[in-house]
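Undergrad: could you look at this predicted model? Sequence included:
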Amino acid sequence: MSKRILVLYSGGTIGMDHTPAGLAPVPGLLPRLLERFRSEQMDFELIEYPQLIDSSAITLANWNRLIGDIACHYHAYDGFVIIHGTDTMAYTASVLAFALQGLAKPVVITGSQLPLVHARSDGWGNLADAFEAACQEGLHEVVLAFDRVLLRGCRARKVDAASFAGFASPNAAPLAHFGIHVQWQRALWRQVQGDFHAQPLDERVNILPLMLMPGAAAAGFGVLLQGEHHGAILMSYGNGNAPADAALLAGVASASARGLPVLNLTQVQKGSVEIGAYAASQPLAQAGALPGLDMTPEAALAKLTVLASMPLTAEQRRAYLQQDWVGEMTVPA
Ligand code: ASN
């Protein structure tokens, strides 16, 4: 049976063309080029957003538009393709993974490193793979199709701005490889849980990201953590280690006591926060920081933002943060 796909076109290099100011989105260009993908097996409708953006400009309002459009058209289509810039694609994929709860259809996000109007554009292959993934039965999650791999959206990271292999999921295996034959790794696909519900974001949510670096900055973070936020992401070293800086720990303790979650994430690409592997991981945990395990910073921001948008108690939020919710982290057995 022929599949019906909804394409949401938000912007990005893929639909850009050369202008006197440099590459910029050109309204109407990408929808024309996409016509070649229509077939007897798959038809699509496309919504081009009125403001096509370079994805570096993404906001919570843009994410709400995507969440709202998928929610509104959820029952009318078999799958969704989101065309997006690469700079913040992993953030958007993560937000959608947490906001589209009980998802039972594929939502595939893609874009390209070179615009479709470029003779060597990677966009054609990425789009073809995204459409194929969006037609798959049993794919019930938000995924990212790029350079011949299909990645779990909430595990993906932009890792390269200079080659076609722009994305990787350092702590999770790909969900498919697109070669001459497609290798669908169905055993890794998630099973649907619960009914579909799209959680809109509270656009006032403000999460504080803090990157530890050797030197005196840790004390300054303590002060920042006294401010008005809905949570914080502390990028620590290695397996979750941090200096036992009194001001930093006081800030973490005060934020935690006020019910604001502080997630301890590692700065390294691969591996996990392991409290107790080193003594240097204990002070942050004792001050109330929660181990973010092997979650990406993108997924951490998305998880904190969606949780802060839901009517939950501080205790319930802490409980969600310690659970693997949509495949975003590896909880030790
Ligand atoms: N700056 C572009 C964007 O994120 C990069 C790209 O799409 N390749 O919109």
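TA: Good, I have the coordinates. Note that the structure is a prediction, hence the values are computed from the model and not measured.
Undergrad: what's the local residue count around whichever residue of the chain sits closest to the ligand?
TA: As assessed by C-beta to the nearest ligand atom, the ligand sits closest to G85 within the chain, at 2.0 Å. The way it works is simple: take the backbone N, C-alpha and C, and place the C-beta from them, glycine included. Neighbourhood size, G85 [other C-beta atoms under 10 Å]: 25.
Undergrad: need the residues of this structure near the ligand, please.
TA: G11, G12, T13, D54, S55, S56, G85, T86, D87, G111, Q113 (C-beta under 6 Å from any ligand atom).
Undergrad: make it 8 Å
TA: 11-14, 16, 53-56, 84-89, 111-113, 161, 166 (C-beta under 8 Å from any ligand atom).
Undergrad: so how do I select the buried members of those in ChimeraX?
TA: Here is the ChimeraX command that selects the buried residues among those (16 or more other C-beta atoms under 10 Å):
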select :11,12,13,14,16,53,54,55,84,85,86,87,88,89,111,112,113,166
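Undergrad: mind checking which of the residues of the chain next to the ligand are in strands?
TA: Counting by DSSP state E, these place G11, M16, I53 in strands.
Undergrad: turn the residues you listed into a markdown table, including pLDDT and distance to D195.
TA: Below are these laid out as a markdown table (pLDDT from 0 to 100; distance: C-beta to C-beta, whole Å):
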| residue | pLDDT | distance to D195 |
| --- | --- | --- |
| G11 | 97 | 31 |
| M16 | 96 | 39 |
| I53 | 95 | 32 |
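Undergrad: ok, the residues you listed vs E132, which is closest?
TA: G11 (22.8 Å; C-beta to C-beta).
Undergrad: my guess is Q267 meets S236, correct?
TA: Yes. Judged on C-beta atoms under 8 Å, Q267 makes contact with S236 at a distance of 6.9 Å.
Undergrad: now do the shared contacts for those two.
TA: L212 (C-beta atoms under 8 Å, 6 or more residues apart in numbering).
Undergrad: neighbour count winner among those two?
TA: Neighbour comparison, Q267 and S236: the larger count goes to S236, with 24 against 13 (by other C-beta under 10 Å).
Undergrad: hmm, back to that, let me know the closest of the ones in strands among the residues of the chain next to the ligand to A287.
TA: Using C-beta to C-beta, these come closest to A287 at I53, 38.5 Å.
Undergrad: contact partners for that closest one?
TA: With C-beta under 8 Å, 6+ apart, I53 has these contacts: S10, G11, G12, P25, N62, G85.
Undergrad: 6 Å instead, please
TA: G11 (C-beta atoms under 6 Å, 6 or more residues apart in numbering).
Undergrad: partners of it in the sheet?
TA: G11 (DSSP bridges).
Undergrad: ok, it to G125 distance?
TA: 23 Å (C-beta to C-beta, to the nearest Å).
Undergrad: what's the answer for V192, then?
TA: Distance from V192 to G125, by C-beta to C-beta: 29 Å.
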